[in-house]
Structures are given as structure tokens and as C-alpha cells.
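A.B. asks: give the three-dimensional model of this entry:
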Amino acid sequence: MNITIKIPELSIEGIDLNRLERVRLQAAVKAELSRLLKVKGLPRNWQNSTKIPTVPVNLNLTKTHNPTDMGKEIAQAIYRGMAQ
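C.D. replies: Prediction:
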């Protein structure tokens, strides 16, 4: 099964990232979300759908300002939102 996930916009308020940090954040989100899908699979409620336009994400980034760690937290929140 091939899965394509497109995230056209990711808005994080209150955290100022430079260009390199944004690239690292984006790569971390992609890597962690890919890992979660590979390990845990596609959530059951997505298995019969071809398009789901939005995913509710509730996240409070207070643990770190490291772009890689933030990316992992964001991806985990996205995956949790997919399972709702």
C-alpha cells in the first residue's frame, strides 16, 4: 500500500524558526509520521477513505524548542488526530 500525505500548511504560533530550523522541522514531521504509519499502520477509520481534508490536532509544544523534537511531537499529534 502506498500512502501520500500532503500537509499544505503548518502554522505554529509563538515559536520563531529560521529557514534551516523550518527545514529540520518539516523533515522531522515527515520522518516521524512515516515511521508511525509503518509501525502502527493506517488508523482503521482511514482505511476505506481516499481523502480526508483536515486532521484535528491538539498540541502544546512546551517540552522543547529543538526543531527535530518539535517535528516528532507534531507528527505524533497528527497521528493521534488521524485515529479520532
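A.B. asks: buried stuff in the lengthiest helix in the chain?
C.D. replies: Identified as the longest helix of the chain according to DSSP state H is helix 19-40. Within helix 19-40, the residues scored as buried using 16 or more other CB atoms under 10 Å are 21, 24, 25, 28, 29, 32, 33, 36, 37. For the C-beta atoms, the positions are set from N, CA and C on the backbone; glycine is no exception.
A.B. asks: same deal with stretch 55-70?
C.D. replies: In stretch 55-70, counting by 16+ other CB under 10 Å, buried: 55, 57, 67, 68, 69, 70.
A.B. asks: tell me which residue of this structure is furthest from the middle?
C.D. replies: In the chain, counting by CA atoms, centre = their mean, residue 48 sits farthest out from the average C-alpha position, at 20.7 Å.
A.B. asks: helices of the chain, start to end?
C.D. replies: Counting by DSSP H, the chain has these helices, from start to end: 19-40, 67-82.
A.B. asks: wait, what's in contact with the residue most central in space within the chain?
C.D. replies: Nearest to the mean C-alpha position of the chain, by CA atoms, centre = their mean, lies residue 75 at 2.7 Å. Residue 75 is in contact with 28, 29, 30, 31, 32, 33, 36, counting by CB atoms under 8 Å, 6 or more residues apart in numbering.
A.B. asks: contacting residues for the third one?
C.D. replies: Residue 30 makes contact with 71, 75 under the criterion CB under 8 Å, 6+ apart.
A.B. asks: switch to 10 Å and redo it
C.D. replies: By CB atoms under 10 Å, 6 or more residues apart in numbering, the contact set of residue 30 is 5, 7, 71, 75.
A.B. asks: which one of those residues is nearest to residue 15?
C.D. replies: Using CB to CB, residue 71 comes nearest to residue 15 of those, at 11.9 Å.
A.B. asks: quick check: the gap between the closest one and residue 54.
C.D. replies: 19 Å (CB to CB, to the nearest Å).
A.B. asks: between those two, tell me which one has more neighbours.
C.D. replies: A count of neighbours by other CB atoms under 10 Å puts residue 71 above the other of residue 71 and residue 54, at 21 against 6.
A.B. asks: how about the nearest residue to that one, chain neighbours excluded?
C.D. replies: Nearest non-adjacent residue to residue 71, counting by CB to CB, 6 or more residues apart in numbering: residue 28, 2.4 Å away.
A.B. asks: thanks a lot, see you next time.
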